[in-house]
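Undergrad: Generate a structure from the sequence data that follows.
(chains A and B)
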Amino acid sequence: MTTWREETVNVAGSELVLVRGGQGKPLLALHDEMGYTGWMGWNEELAKSREVIMPLQPGFGKSPRLDWTWRHRDIANFYQNLIREQNLGKVDLLGFSAGGYIAAEMAASNPEQLNSLTLVGPMGIKPDEGEIFDMFACTINTYLRASVASQDNEFTRIYGGDMTPEQFELFEDARAESARIGWEPYMFNFSLPGLLRSAANVKLPTLLIHGEEDRIVPRDCIRKYREALPQAEVVNIPGVGHRPEIEKKDAFVSAVKKLLG
Amino acid sequence: MQIAHFTERPMRYVPEEEVLQNRAFFGVSNKYFDAEKAAHDYNYYLDEACYVEEVGFDGVALNEHHGNPFCSGNVLTTEAAILARITSKVKIILIGTPLPVIKHPLRAAEELATIDVISRGRLVSGWVRGAGSEQFFNNANPAYNREMFNEAHEFVMQAWTRDGPWRYEGKHFHYRHVNPWVKPYQKPVPQQWIPGVLSPETILWCAEKRYPYLGLGTALGPTCDMWDMYADKAAELGYQAGPENFGYLLPVFCADTDEKAQELGKGFIFGGGQNAFSRPEHTLPPGYNSKAAIRMLAHQPGGSWLGVSKAKMMAGQEDSWDASAYEELRQKLIKGYEKVQDNLQVVVGSPETCIKKICDILGVIRPGVFTVFAVQGNVGDKDRLRSVELLGKEVLPAVRAFGKQQDLTGPFDRTPGSVKLAPGTKRGPVVDREALARLNLP
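TA: Residues are numbered from 1 along each chain as shown, chains lettered A, B, ... in the order given. This is a model prediction of the structure:
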């Protein structure tokens, strides 16, 4: 087992909790809109050759909220200063769902900070067809269940059993902060496709991963990302929903490893 | 004491089954909207308000809700503007304008000032944050609800009192040329009464502003606690809170006999009276409540708050509802109706029954404003009007006499916050807990 640790660093004058594990070149991984799920199989696999660094998003219960942030773009700016202030050098960036939205904003504003970009079921661009699932108009459990095609995987390890009051609070913190920055327009930035031109111009190596049964982020979002980032490779994983990293860990890890080299 | 009449103005033709199958009032499809029937209802409620004035009430209270059939007041200022013209004496009490939901405080300031001017100073301008559900049906970001409420309120105060043009650059609202060519008739501003369901943050805010707080059918024990909290804050600020700082809205269904009243009152169940009959995801939208409130909910596994238990919040919708459970749900709601009567949160009966119970309640919480929340649901014009008549002609005089005997001064009898309290002086009581104990509530 890789040992991982939680540490608090100071970024842009504010505290930020990081989960770090493994050794090697830094792989910065951004969790989704419901928060960090704990150290999972995919973390373990990727940490064999990389240092996996996961910031716990400000306002999600552990890292204090940043009063000045309005949009996912602002969190992206904050994480760019994490890279600078922690001297991480050029990083590989991986983002899940709304974390993918933040990652895309980082790639759009400063692709030179990145070696590569992997977006898993990313929000952030408005689809022409379909809608991004409204996470706020349902209960926590409904959203979690809608996010997978099957619960016969690590899903049960994370979300099975009774929810503790602490976990309930963390989920509510996550939902509140996601609403604060993503309520309107709902989980997309109208300018993002245009802004991504910067990442297209430098041909930032990009991987778009999408579960074929994703009910949260429609396939058209991936098409629009691909349109903005023509250099991107698209990997569709059959039989999984919005959480390929826990639903089909091996297929997910192998796609990411291929990009990371 | 000021006594007002309030109704949600329900759409009275929506089949009960559709509401129950929807598992909530909010979100019932507007495919059931019937313009012809709605035209009757809207006009009827305006006429009813005139009758309310005729039988002697001091005020007509209006509210607004969105995305549901139990309150036809989608934009309360439109009805209030008509009432400003067609009534002549009653206060037009708005409980209230949902500032964060309408997201346009300049427009609100103009509409409300217009109503105050047309009515020659009869507006009482209440403010609300909007129910949880409202945030969805107006796409208002719940995480900024309180921030937007505070900012919008401060803006309206300025728009009503400052000479323009002036410039406003806030956090949520921006107007570079503020110069509304209508200001309130009442100087400096109309009275502002704040309705709520006992949120401590709102109660403290009211105490700071010296605004009367109106409990919306809240349970008597917690109401006493919150009014004490208000009065403590008031004492800190150097004034003695009195009945003029408090109001209470109570569902009262009055008919000629107890039996008839019970029958009519059942409309309360399906007509929006039990607003706890709401989907949990609509009741507590993300960020709408303070972190302290969420923590309290999280640590009360068996308890519930605003009718929403943590278990209900956690349940997935798909497994918490079985369409065949319709009758079961119906029975549950009927049981809830009986429970709120036992708890004195709803009063149903003949004038004699109503008077006794209302006086019992007022004796405990001692409000200066008493608002009757009229019968809900599918009750015909004739029964509704008879209810208004009985309330006005029989219940109202008795309640008024009780208020006088108990010295329940209303906010129009004594300016709220005007009774000074010297520093270090112990404040006087604002509720009667012995009277509460005597009621032996379950």
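Undergrad: Chain A: strands as residue ranges?
TA: Along chain A, counting by DSSP state E, strands occupy A:4-11, A:14-21, A:25-30, A:50-55, A:91-96, A:114-120, A:206-211, A:233-237.
Undergrad: Pipe those strands into a markdown table and attach mean pLDDT per row.
TA: Converted to a markdown table, the strands of chain A look like this (pLDDT from 0 to 100):
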| stretch | mean pLDDT |
| --- | --- |
| strand A:4-11 | 97 |
| strand A:14-21 | 98 |
| strand A:25-30 | 98 |
| strand A:50-55 | 98 |
| strand A:91-96 | 98 |
| strand A:114-120 | 98 |
| strand A:206-211 | 98 |
| strand A:233-237 | 98 |
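Undergrad: Return the residues of chain A in contact with chain B.
TA: A:136-142, A:145, A:163, A:165-166, A:168-169, A:172-173, A:175-180, A:183-184 (CB under 8 Å from any CB of the partner chain). Backbone N, C-alpha and C define where each C-beta goes, glycine included.
Undergrad: Separate out the buried members of those.
TA: Among the residues of chain A next to chain B, the ones that count as buried by 16 or more other CB atoms under 10 Å in any protein chain shown are A:136, A:138-142, A:145, A:163, A:168-169, A:172-173, A:175-180, A:183.
Undergrad: in stretch B:120-136, what counts as buried?
TA: Of the residues in stretch B:120-136, B:122-136 count as buried by neighbour count, 16+ other CB under 10 Å.
Undergrad: tell me the contacts of B:Glu110?
TA: Taking CB atoms under 8 Å, 6 or more residues apart in numbering or on different chains, we find B:Glu110 in contact with B:Ala159, B:Pro180, B:Val182.
Undergrad: ok, now B:Glu169?
TA: B:Arg176.
Undergrad: Give the rounded mean pLDDT of the helix ranked longest in chain A.
TA: In chain A, assigned by DSSP state H, the helix with the most residues is helix A:165-182. For helix A:165-182, mean pLDDT rounds to 95.
Undergrad: And for stretch B:342-359?
TA: Averaged across stretch B:342-359, the pLDDT comes to 95.
Undergrad: try stretch B:38-58
TA: Averaged across stretch B:38-58, pLDDT comes to 98.
Undergrad: Buried ones in it, by neighbour count?
TA: B:Asp41, B:Tyr42, B:Tyr44, B:Tyr45, B:Leu46, B:Glu48, B:Ala49, B:Val52, B:Glu53, B:Val55, B:Phe57, B:Asp58.
Undergrad: Turn those into TSV, columns for distance to A:Met54.
TA: Supplementary listing: those in TSV, determined by distance: CB to CB, whole Å:
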residue	distance to A:Met54
B:Asp41	56
B:Tyr42	56
B:Tyr44	61
B:Tyr45	57
B:Leu46	60
B:Glu48	61
B:Ala49	59
B:Val52	61
B:Glu53	65
B:Val55	67
B:Phe57	62
B:Asp58	61
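Undergrad: Tell me, how many residues neighbour B:Leu439?
TA: B:Leu439 has 15 neighbouring residues, counting by other CB atoms under 10 Å in any protein chain shown.
Undergrad: who's in contact with the nearest residue to it once chain neighbours are set aside?
TA: Leaving out its chain neighbours, the residue that sits closest to B:Leu439 by CB to CB, 6 or more residues apart in numbering or on different chains is B:Asp360, at 6.0 Å. By CB under 8 Å, 6+ apart, the contact set of B:Asp360 is B:Leu344, B:Ala435, B:Leu439.
Undergrad: and what of B:Asp432?
TA: Here B:Asp432 is in contact with B:Gly363, B:Val364, B:Arg366 (criterion: CB under 8 Å, 6+ apart).
Undergrad: circling back to that earlier point, by contact count, what packs against the longest helix of chain A?
TA: Helix A:165-182 sits against helix A:72-85, helix A:98-109, helix A:140-146, helix B:291-298, helix B:310-314, with contacts defined as 3 or more CB pairs under 8 Å, 6 or more residues apart in numbering or on different chains; DSSP states H and E.
Undergrad: I'd like the mean pLDDT over the last one, please.
TA: So that's helix B:310-314. On average, the pLDDT along helix B:310-314 is 58.
Undergrad: can you check the fourth one too?
TA: Per-residue pLDDT values over helix B:291-298 give a mean of 82.
Undergrad: buried sites along that helix?
TA: For helix B:291-298, burial by neighbour count (16+ other CB under 10 Å) applies to B:Ala293, B:Ile294, B:Arg295, B:Leu297, B:Ala298.
Undergrad: hmm, back to that, which one of the buried residues of stretch B:120-136 is nearest chain A?
TA: Closest to chain A out of the buried residues of stretch B:120-136 is B:Phe136 (6.2 Å), distances taken as CB to the nearest CB.
Undergrad: Surely B:Leu99 and B:Met157 touch.
TA: No. The criterion here is CB atoms under 8 Å, and B:Leu99 misses it with B:Met157 at 11.6 Å.
Undergrad: Dump stretch B:39-56 to CSV, restricted to CA.
TA: Extracted in CSV, the C-alpha atoms of stretch B:39-56 (Å, rounded to 0.1, in the frame of the first residue of the first chain):
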residue,chain,number,x,y,z
ALA,B,39,-60.1,34.3,-13.7
HIS,B,40,-63.0,33.4,-11.3
ASP,B,41,-60.6,32.7,-8.4
TYR,B,42,-58.5,35.8,-8.8
ASN,B,43,-61.5,38.1,-9.0
TYR,B,44,-63.2,36.3,-6.1
TYR,B,45,-60.2,36.8,-3.9
LEU,B,46,-60.1,40.5,-4.6
ASP,B,47,-63.8,40.7,-3.8
GLU,B,48,-63.2,38.6,-0.7
ALA,B,49,-60.6,41.1,0.5
CYS,B,50,-63.2,43.9,0.2
TYR,B,51,-65.6,41.9,2.3
VAL,B,52,-62.8,41.4,4.8
GLU,B,53,-62.6,45.1,5.1
GLU,B,54,-66.3,45.5,5.4
VAL,B,55,-66.6,43.1,8.3
GLY,B,56,-64.0,45.0,10.3
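Undergrad: From the rest of the structure, what touches that stretch?
TA: For stretch B:39-56, using CB under 8 Å, 6+ apart, the contacting residues are B:5, B:7, B:9-12, B:60, B:72, B:79, B:82-83, B:86-90, B:381, B:384-385, B:388-389, B:391-393, B:396-397.
Undergrad: what about the helix or strand of chain A with the lowest mean pLDDT, distance to the chain center?
TA: Among the helical and strand segments of chain A, the one scoring lowest on mean pLDDT, DSSP states H and E is helix A:154-159, with a mean of 84. Offset of helix A:154-159 from its chain centre (CA atoms, centre = their mean, to the nearest Å): 18 Å.
Undergrad: residues of that helix that come out buried?
TA: A:Glu154, A:Phe155, A:Tyr159.
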